[in-house]
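>>> Need a 3D model of the following:
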Amino acid sequence: MLKRNRHLETDIKVALTGQSDGVCREELVESTEEAKESEVESVLAKGTGEDDDSDSDSSVDLSHSDDEDLVQAGEDACKDYTLQHRCLGTDDWRSNNVLESLLEHPYKKSLELQAHEGVGLDKEHLLMLTLYGILVAKHVEIVKGANEDETYETVASASLAREMRDFRSLTAQEVKERFLTPDSHTLLALRMNPTIDTSASGELMRNKKGRYEMMEGEYNRRLNARHEYLIPKVAAAGRSGEVGQDSAAPAQASSEKDSMPGKKRRKTMIELSSKWKMSSAAVDMQEDDPVLESAIEREKSLFAEISRRRDLETKYVHARTKTKPAGEFDLCAFWTDHEQVLPIHTAVFRGDVWL
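Numbering: from 1, shown residues only. Okay, here's the model as predicted:
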């Protein structure tokens, strides 16, 4: 509704005042103050019992608001724009834009979790981290204009009205308490995503030693549990010894056109959450390590090497579809293509992550 108000701002102003600037050329007809005062006096007199001797059952109707009085006064004066007093002023329209801007990211996050297919725990956790960062940021982006003229201006969050600041702080508090402490299942999902930097020195796990150790412990436990049932496949994968070529890569992502030069475009939740992605230097391992004896350790080393490949983003990132936004990594396609070389990891992903 807020966005609709902004897009229809000019039409609303013309409908209510006849002018695109929202300033009506007709004089506003005020309701009669004497009638209001006499009404109040009558009610007070009735309440004190001064009119007890009256046999009349008539009662004073106090249901009419000032708005209705102004509308009736305008109709009595045969005015063309009897609703001109309902047109928002400049400050009110700006408050509308501020509220829309503050609600936009929580709204889009909800849509991505509810409407898109294949949103896993890892993606959900990163979206909540991103949303929390937006809510506690010292600056906010406020929308201006609409349609072709839409742009964003950056303002200090301290300059917002008190109710807007309270909204941001209370929402951030709820997000932190409910979503920012991942359980072991969520940590496993993060660890099994090759595009997310889960190293101890990465931004996601930096200064979170306990959480990092819990993630690695769950990761190793699941690998060991799946390894017992996959010894024949693991042996075959060990003999192959190479990272297989991807058989069928999804269509490459087609990024949307940016806004016209000179206009500031607000980043999507997908773009904002890209800060957690794996970089080519995120995994600390030596290239010339000898062949590891353990099948699990061999797969872990190979998975780390695959995660650093620069072509993952181009081969497994979704193009924009009706159910998925552009920029979403296709985990199912990735693990299907690497099932032969990473059988234990693929089993963990299919059996313990992508339930």
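>>> Pro343 - how many residues pack around it?
23 (other C-beta atoms under 10 Å). Where you see a C-beta, it was placed from the backbone N, CA and C, and this is true even at glycine.
>>> nope, Asp66 is what I meant
Asp66, neighbours per other C-beta under 10 Å, totals 11.
>>> Does Gly89 touch Val23 like I think?
No. Using C-beta atoms under 8 Å as the test, Gly89 is too far from Val23 to be in contact (9.7 Å).
>>> What does the pLDDT read for Val43?
Model confidence at Val43, given as pLDDT, is 58.
>>> Helices along the stretch 201-350 of the chain, start to end?
209-227, 231-240, 269-272, 295-307, 312-316, 331-337, 343-348 (DSSP state H, counting those that start in this stretch).
>>> so can I have TSV of the ones you listed showing distance to Val29 and mean pLDDT?
As requested, these are exported to TSV (distance: least, C-beta to C-beta, whole Å; pLDDT from 0 to 100):
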stretch	distance to Val29	mean pLDDT
helix 209-227	66	93
helix 231-240	85	59
helix 269-272	49	63
helix 295-307	72	91
helix 312-316	65	80
helix 331-337	66	90
helix 343-348	75	93
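>>> of all the ones you listed, which lies closest to Glu174?
Of all those, helix 269-272 sits nearest to Glu174, with 17.7 Å by C-beta to C-beta.
>>> need the longest helix for the protein.
helix 90-115 (DSSP state H).
>>> Counting by contacts, list what it packs against.
When contacts are defined as 3 or more C-beta pairs under 8 Å, 6 or more residues apart in numbering; DSSP states H and E, helix 90-115 sits against helix 2-7, helix 121-135, strand 139-144, helix 162-179, helix 269-272.
>>> so of these, which one's packed in deepest?
Greatest average neighbour count among the helices and strands packed on helix 90-115 goes to helix 121-135 (a mean of 21), per mean count of other C-beta atoms under 10 Å.
>>> can you state the direction angle for that one and helix 90-115?
Relative orientation of helix 121-135 and helix 90-115, computed by axes from the mean of the first three to the mean of the last three C-alpha atoms, to 10 degrees: 170 degrees.
>>> which other residues reach helix 121-135?
Residues outside helix 121-135 that contact it (C-beta atoms under 8 Å, 6 or more residues apart in numbering): 105-106, 109, 112-113, 140, 168-169, 171-172, 175-176, 179-180, 182, 185-186, 189-190, 192-193, 196, 204, 269, 272-273, 275-276, 328, 353.
>>> Lowest-scoring secondary structure element of this structure by mean pLDDT?
Every helix and strand of the chain was ranked by mean pLDDT, DSSP states H and E. The lowest is helix 33-48, at a mean of 57.
>>> picking up where we left off before, and the helices of the stretch 201-350 of the chain: which comes nearest Trp93?
helix 269-272 (26.2 Å).
>>> thinking again about what came up before, just the angle between the longest helix of the chain and strand 139-144, please?
Going by the same axes, to 10 degrees, helix 90-115 makes 110 degrees with strand 139-144.
>>> which of the residues in helix 90-115 are buried?
93, 95-102, 104-106, 108-109, 112 (16 or more other C-beta atoms under 10 Å).
>>> with these in mind, which one is nearest to Lys300?
Glu112 (31.0 Å).
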